[in-house]
Every structure is written in structure tokens, then in C-alpha cells.
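**Student:** Model the following, please.
(2 chains, ligands or ions: 1)
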Amino acid sequence: MPNPIKPEKSVVTTCAYCGVGCGFKAETRGEKIVRMIPWKEGKANHGHSCIKGRFAYDYYNAPDRVLTPLIRASIDDPWKSVSWEEAFAYAAGEFKRIQAKFGVKSIGAVSSSRCTNEEIFLTQKLARAVLGNNNIDNCARICHSPTQFGLTQTIGAGAASQHFDSILQADVIMIVGANPTEGHPVFGSLMKRRIREGARLIVIDPRKTETVESAHCKADVHLAIRPGTNVAILDSIAHVIVREKLYNEAFVHARCEVAEFENWKALVGDDKYAPEVIGPIANVDPADIRRAARLYAGGPNSTIYYGLGVTEHSQGSTGVMCLGNLGLSCGMLGREGVGVNPLRGQGNVQGGSCLGSWPHVFSGYRFVTDHATRSSFEAEWGVTLDAEPGLRLPNMLDAAVAGSFKGMYIMGEDPVQSDPNQHHVIAAMKNMECVVLHDLFLNETSKYAHVFFPGSSSLEKDGTFTNAERRVSRVRKVIEPLAGLQDWEITVKFMNALGYELSYDNPGEVLDEIARLSPNYSGMSFALIDQIGSAQWPCNKDAPQGTEVLHREKFPRANGLGTFMLTDYVPTAERTSDRFPLLLTTGRILTQYNVGTQTRRTPNSVWHPEDVLEINEQDAIARGLQDGDWVQMSSRFGQIQLRARISERVNPGVVYTTFHHAKSKANAVTSDLSDWATNCPEYKVTAVDVVRIRVPTGTASLEAARLEAAE
Amino acid sequence: MAQTNSPTQGAEMPVMALDRILSMANQIGDFFAPYPPERRAEGIRNHLRTYWDPRMRDQLLQHIAAGGAGLAAPVIAGAKLLQDEAHAKPGYYGPPKA
Ligand code: SF4
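**Tutor:** This is a model prediction of the structure:
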């Protein structure tokens, strides 16, 4: 008898679970995947991987995977299975009806970091060329939009300055609001390796994460700040650098706008940012702020890696600018071992940013308001394009609540679960006349959808992903799409149904179009990637095989110089009070993938069966709580019930939870405050209180209460 | 493609709740606070011009025309520059110029 798990075929592809983008060999037998082997040649992972990539692939054939298109006229009706043709025709008819009645701008589209570059690019093309407006956004809005904004302002490129391997040249590693050991495991092990070799580690995070202390990892300085004080602490570090003249004057004079440097020195050098002033505000020892500043400035090679703990704040963009300012002031940019690097959450957040799924920029971060850029797209696409920025996702939802926005095409996203202030999102969803959801499963948002396009998993399609180090790798079809169409084909056919003629033989042709229209991708093609494995953008005629380290000679700004932004600390409006005395901050853990749409459907759930609330012993005692008790956590926005875990990882006054499981609905309590520049939600700070309850109320009644509140 | 020019019914309807518009505008004003007045106004103007849907800008300007209650003075000064084309710098992106 033949061995039933002996593979017959193997295909090299890229893991979609996190921004590391590990290369894998997917081995199949018949139409079944039998195992995933980390790919030795993969330049992001060099043969390593984590348990998510290796074992959490089974979601693709989970029993609740939807395999036929669905439609319904009202969200109170049951779903009806239809053919693809009928689903496209129905959705297109509805979108046209709505636009005729409520105007061209009453519809928008949202793409996801789970999509390939080609799908993200096609979704923005659908919005701009076919729907005729710029209401296009992507889920990076709720995680890394401040990265693009803040880094572009200071150093000119909203992307990691380094390749992952660069960390092996670093002497000082500063991690801000990220937990790479858990969130980006393969990169985390690279970091640990460098720490074992003697690199010093600074961690800025309210929580004592695994990165702060675990096997092979111990921070030299941990600034366990009060949630919401990032900008204060980073300005205070800058203060020490300025007052003690630890900055790199030669670098600043050669590479930066010197007048702006002087303005910045005047701001952060002010007494109000002295460690002795900021220490008590941020709840850290002023001496530790000084140590962190001296370590970072001392290098010789210091590098910054940061995550959502920086971006998901009302001053998220300002926090990112602080990091850009720090890198410039100390000359920690433009060579190996240094840099400022966002650690991206989902697989293709960088691609989501690069490929124009934003209401104000086309692919390559070029403005829709810019005539020359717009003309190049108009020439390629054969239509006149809207010259004004469109609505961002949170604004689309605001507009839906107000009644001016009526329909949405959502590709691979679950805004009801993942977006903040769930009541508001549900109210927005209910106010729309046609929500087209394109996903693998009937997620939370599907409750408010009218059309469902059954998508393909990353194992069932071709395309490319761009990882957190700007590396573009191939996603290759391992098995046939279970619902019959690859995601890019679904979007193209939907565009056809809306009356726009176009066709591609394969997504390689979409990448060619991206290359024609986006300077940083101009050298990219399936052929190149097939030949050299992967390439980091910019990839163009000056760098035909891509670029590992950015900013070596100049910064990609008009005058080639880096600049300093004035980053005053503005405390968030979300404050603790007698009623809500604790600060909730949120995060993620290793075995699960963000809102868990995929990992929850795999045996990886065994490792993380539910979201729990971490609470310090002191706060627990004050509330009569014991480890494992059920608690009700409430904020100004709502309540949720979950189990408490007494933990030394959080300071008194701070509680922490993850948001992987729909049933705990962490976003029912998060606030509606957002970043001043990008509307990235402030997930990382919500004032809450926690009380012990005997047994959880049934989920059903909770749900009913929530729906009522949303109406 | 002619779609972009077709009439927009319901244009009189506010695009979103006014208090959202005002709080977002004031947040932008807070960021630019450390800049000297002229650069501050320009920074606010550029941000609104580059990132806000024109209907959101209109809603803000209408509110300013009606007195601008609830808006910080520098935000009003910055937003008003939107009405003066002399401040248009196509594709301009970056810190407010000196
Ligand atoms: S989840 Fe991230 S680290 Fe783990 S295998 Fe996938 S890409 Fe690699």
C-alpha cells in the first residue's frame, strides 16, 4: 500500500502569517497538503520558521470554509447559494444602483494584508478606475498607517531601512512597543542570537514581555512606561541626547536639514522633557531614561525595531517621527547594523502600504492630487481619475453612520471584529445597502453583508508578498482554489461585471503593470523572483536585484536630506478616572494570528484556547480576584467578560489582553480615539475597570445587548 | 469614466458627524502647535488638503463660516488657507516650510 502521507509534489511559497514572510516548501499528495518545510534558500528565514507557519495550514480545508458565492437582499434574510455569474451581476447591479441614487462617492473598497500585492493593487484599481472615486483603504490603517506617515516625513520612506540580517551587525538594539520573540518569531531568534553575542538591549513597553526577559533574552534597560506616554519618553531620551551633546553632528551636517535640527534641539532640549519631569509622568525611573539615551547614542551601531505599541495611539504618527528624529540625530541610518524598522503584523502589511490601497496615494506613495502621477495612471487605465483624496476606512464608517456612505467591497477583512468601538462599526454596517464581503469564512462582518465571494487561501493562488524588510517573494499556488477562482480573478471578474473591460492571463501581468507604474517596483517581475528567489525594493535599473539597506547616500525626499519634526507630547484624551481606574493595553501572542480567522481553525488553538486578562497582583487583591476568575471589564464604550490571570508582566494600574477570539470581543471596549494624522485607532490605551463575576452571562444575551446598543 | 463627473445626489447631506470632524481637526492643530504661527497654519492647511476628503474639508469650512465654535484658533487660521489658492503646492508633502 502506498504511504498516505508520502508527498508527491512540492512547491516553494511564502508564509502569510506574519511580516517575516518565511519561505516554505509545501508538499502535497493529490490535492492535499501533507507538510510544510521551511525553505533553506529563503532569504528572510534561512530555513527557520515558527509553529504558525509550519503547522497552522489546515485552516484551508476547515469544515466551515464557504465554497459557493452567497447573496441576500437583506441582512435579516438567510443566505442563498448562487453561481459566480449571479453573484457578480447582483453585486455590480447593487453598486450601480447605489451610485445612481447616492452619488459616486457613496461606495468604497477595503483590502487586507492577507491579500497579495497583485490583489491589493487590483482592489485600488477597482475603486479608482471602476467606482470612480478614491474611497480605498486597507487594514494597515488600523496598525501601521502612522509608519508610512511618520517615517516619510522624517527619512522619506515609510518602510524598514534595513534587511533582517542587518541586526547581526548591531551593538545596541532598541525595541519599542513590539514583542518580536512572540510576534515575529523567526526575526526574534535572529535578535536573540545577536544578544547572546553581546549586543545590548533596550525595551520600551508597558508590559514585561518575553522580549524583556526570557531564555536568551534579557533587557539591559526596560522602560515599563504607562500606556500612552511613548512620545513623552522618546522626547525625554532625545532631551538627554541633546543636553549631553551625544548627537552625531557630522552626520546631521552632511545628511540632514540643519535648520530643522536646531528647531528640534530647542524643542526636546527644553526642561519640560528632562527625565526628572517625564519619569513621573511615564512611571519610570529618570536614571533609566538617561541610561537608554546614552546606550542608544553610544552605538557604535544602534538599531530601532518597533511595532504597534508605537503606532496604535492618538500620537502614533508623532511616535514614529520621534524614532526617525532619533535615528537621524545619532547618525544611525544608512549602513548595516543601524536603522529604524517597523515590525509588521500580518503577512503583507508592507505590500498593502506600497501598492496604493490608500485614499490619498497611488502605488509608490505618490499623491492622487499630483497631476503628473495621476496622468500616468490615467494613460495606463484609460479613464479619468478623481483628483481628490477619498475617505479612510474609519471615515467611511463615520459616513455610513451619517447616511452618506452606502456600500463597500471588503476583501479579506473583518472590520466588525478588528476595528475599534464595535458598536459604532455595527451601526455603520447596518446602515449600508450593499456590503460585499470577499473572504474564506463567514466572519463577524458577514452578519452585515449582502454578498459573499468565497475567496482562495494563500495556498490556492499565485502572486507576491512584500515582507517587513521590503522583500518581495512569490506566493505560489499549491492546490487548486477550493471555490473555483483565485482571489485576483474574483476582483477582475467583479470589475468586468461593473462594466470595466480588462483581463490578465496571470497575476505576473498585474505585477508587470505595478512595475510600469511604481518606481520602487520597476524592476520586479515573476521572472526575476523565480530566478533570484526574492528581491527587496527599491528594485530598478540602478539596483536590478533589489536593495538591502536604504538611505546609504541620500534620503528619498525632494532635497535628499533627512529632516526633524517637532514632536511635542500631547497626552491622549483617554484618561483614567474613578470609574475607570485601569489602563487596558492590547497585544498578540505567538500561536495565533491577529483576529485568528485562520489560526483559530487549526490545532494551534490548543495552545491559546481563549483571550485572558493579565492583571497585577496588587490590582487583583484590591478587587478580590484570584487567578482564573471570570471578570467583567468595562470602559466608556462597552463591556466584555473574560478570565483573569494574575501576572507580574504588567505594572499596577495596567491590564493587558490579546484579541484573537471573536467571542471575547476585546474591541467592544476599545475607544474611538485615533491617531491625529492617519486615524489609526488607539488600541493601546483604554481606561477600564474590572470586577469579578461568578459565571459569564451567555454569549447570546451579551450579543443582544450589543446589538441594541448599536441601534 | 464619466462617473467622476456625474451629479452627486445627496450632496447637501453632511458626510459625517460634525463632532468627529472637529475633534480630528483639533488633533491636527495640537500636532502643529510647536511651530511658529505661519508654519503652523500652513502645516494644518497642507494636512487637510492632502488627507481629507473634500466633503470633510467643506464641512469644516462651513462650520468655520458659521463661527467655528469648538475649534482652536490656529486650526481656523490653517483651514482658512484652503480657500486661498496661492497656498496650493501640488504634491507638497513634508514639514511646513519656514
Ligand atoms: S508566522 Fe512569521 S515567523 Fe512564523 S513561519 Fe510564518 S512568516 Fe515565519
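
**Student:** tell me the helices in the stretch 351-500 of chain A, going along the chain?
**Tutor:** Here the stretch 351-500 of chain A has its helices, by DSSP state H, counting those that start in this stretch, at A:371-381, A:393-402, A:415-418, A:422-430, A:487-497.

**Student:** when you scan the first one, is anything in it near chain B?
**Tutor:** Yes - using CB under 8 Å from any CB of the partner chain, we find that helix A:371-381 touches chain B at A:371, A:373. All C-beta atoms are positioned from the backbone trio N, CA, C, and that covers glycine.

**Student:** Name the residues of the helix or strand of chain B with the lowest mean pLDDT that come out as buried.
**Tutor:** Least confident helix or strand of chain B, by mean pLDDT, DSSP states H and E, is helix B:37-51 with a mean of 90. Within helix B:37-51, the residues that count as buried by 16 or more other CB atoms under 10 Å in any protein chain shown are B:39-51.

**Student:** on that earlier part again, a markdown table please, covering the helices of the stretch 351-500 of chain A and showing mean pLDDT, mean neighbour count and distance to A:E8.
**Tutor:** Compiled in a markdown table, those are given as follows (pLDDT from 0 to 100; neighbours: other CB atoms under 10 Å in any protein chain shown; distance: least, CB to CB, whole Å):
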| stretch | mean pLDDT | mean neighbour count | distance to A:E8 |
| --- | --- | --- | --- |
| helix A:371-381 | 90 | 15 | 42 |
| helix A:393-402 | 91 | 25 | 43 |
| helix A:415-418 | 80 | 25 | 38 |
| helix A:422-430 | 89 | 21 | 45 |
| helix A:487-497 | 96 | 23 | 26 |
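
**Student:** how about those helices, which one is nearest the ligand?
**Tutor:** helix A:415-418 (17.9 Å; CB to the nearest ligand atom).

**Student:** what does the closest one contact?
**Tutor:** A:110, A:139, A:142, A:393, A:397, A:422, A:425-426, A:429, A:443-445, A:447-448, A:594-595, A:659, A:662, A:665, A:667 (CB atoms under 8 Å, 6 or more residues apart in numbering or on different chains).

**Student:** For residue 75, identify the helix or strand it belongs to.
**Tutor:** If you meant another chain, say so; for now it's chain A. Assigned by DSSP states H and E, A:I75 belongs to neither a helix nor a strand.

**Student:** Wait, chain B was what I had in mind.
**Tutor:** Assigning secondary structure by DSSP H and E places B:V75 in helix B:73-80.

**Student:** In JSON lines, list the helices of the stretch 351-500 of chain A along with distance to B:P14.
**Tutor:** Formatted as JSON lines, these follow (distance: least, CB to CB, whole Å):
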{"stretch": "helix A:371-381", "distance to B:P14": "28"}
{"stretch": "helix A:393-402", "distance to B:P14": "6"}
{"stretch": "helix A:415-418", "distance to B:P14": "22"}
{"stretch": "helix A:422-430", "distance to B:P14": "15"}
{"stretch": "helix A:487-497", "distance to B:P14": "30"}
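
**Student:** Any chance of a markdown table for these, columns distance to the ligand?
**Tutor:** Below are the helices of the stretch 351-500 of chain A laid out as a markdown table (distance: least, CB to the nearest ligand atom, whole Å):
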| stretch | distance to the ligand |
| --- | --- |
| helix A:371-381 | 32 |
| helix A:393-402 | 25 |
| helix A:415-418 | 18 |
| helix A:422-430 | 27 |
| helix A:487-497 | 19 |
